[in-house]
Structure formats: C-alpha cells, structure tokens
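A.B. asks: Below: sequence and its predicted model.
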Amino acid sequence: MRSAWIMILAGGAMLPAVWAQAGKAPIAAADWPMYNRDLAGTRFSPLSQINGGNVAKLIPAWSYRFRQDANSSDAASVSELTPIVVNGVMYLSAGNRVLALDPESQEARNGLKSVREKLINRALAELAGNALDDARRSLESAAEIGADPSLVANLQNEVAYRQQLINARKDNE
C-alpha cells in the first residue's frame, strides 16, 4: 500500500513537467537547448548523421578551451561543460562566462564587436556603481572574446585601484 502511494505521489510530481513539455513547440532537430535536450530528459537526438556504423570512426573536428577564470583556483572548472545549441548558435559557459560560437566555424557569434562593446559598457556601468566583482567578470568575458587588451587591462587596473580604496576604508573603520 505504501509503495502505491509513493508511485501516485511520484506520478503527480511529474505531471507539471509532462504538461510543460506537451505545450511546447517541438525542438528543432539540430538544437540541444538544455542539459538533457528536452524536459523529459531523454538525451535523444533525432539526427541520423552519426549512427552505430560510423560512431567508432569519429574524431574531434575542433575544441575550444576557455582561459582559466582569474578568480578560480580550480583549473578543471573551465574545461568540462555541456554546450547548449539553439538556432545554430552554440553557447558555452564556464564559471560566470558565456560564449556564443558558430559550431561550424568556431567563430564567436552575435555581432562580436557589439558583444565586446556591450561587455565593456557593462563593466563601465558596474565600475561606476562600485560593483567591482561584476565589473571584473564582465572584463574577463570581454577579454575572452578578444576585446582590446590594453582597454581591458586599463579597466582591470581601475577595478583593482577601487578595490584597494574600499579595503583601505574598511581598515580605517
């Protein structure tokens, strides 16, 4: 009797996920929009290019390695992740960084110049508001996608200087 109640409760707990999945438009065959591909967690891809006959012959076409996060001492935290693919754009994340790549060419996407500018502008706004950790992360992301190194370095120096001022104020209190 107890196991029957557990099964009923478990089934009831799954209903919201099933209803949510049922109401969604089908996922495009080439997309992998979440960790398990779909809300049901099937991890099934309808693509047929790779099959039992050729899977043993696969070799890496390319790889991408994030630079280690300056705030992290764990080198492994930047090298293993699950890419998300939506509308032909592959999104990679590690720590507080996200990068959008074209999976065919490995080139950064979404108007790289405008993404760099947005990250630098965000860092400037965060710097103005003394949100130094946020500014630091925005600058790391901007550097990751090739923003002007001297501009990034100057702004990182400003972040470090403001952090020293904040620390000195705390020491004097």
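C.D. replies: Yep, it's here.
A.B. asks: okay, CA-based contacts and neighbour counts for the rest of this
C.D. replies: Noted.
A.B. asks: which residues does Arg37 contact?
C.D. replies: 31, 43-45 (CA atoms under 8 Å, 6 or more residues apart in numbering).
A.B. asks: Tell me where this structure has helices.
C.D. replies: With helices called from DSSP state H, the chain shows them at 2-22, 112-128, 132-144, 149-172.
A.B. asks: Now do the longest one against helix 112-128, angle only.
C.D. replies: Inter-element angle recorded for helix 149-172 and helix 112-128: 20 degrees (by axes from the mean of the first three to the mean of the last three CA atoms, to 10 degrees).
A.B. asks: Remind me what helix 149-172 packs against, helices and strands.
C.D. replies: Here helix 149-172 touches helix 132-144, going by 3 or more CA pairs under 8 Å, 6 or more residues apart in numbering; DSSP states H and E.
A.B. asks: helices or strands up against the helix it packs on?
C.D. replies: Packed next to helix 132-144, using 3+ CA pairs under 8 Å, 6+ apart, are strand 97-101, helix 112-128, helix 149-172.
A.B. asks: repeat that with 7 Å
C.D. replies: In terms of contacts (3 or more CA pairs under 7 Å, 6 or more residues apart in numbering; DSSP states H and E), helix 132-144 is packed against helix 112-128, helix 149-172.
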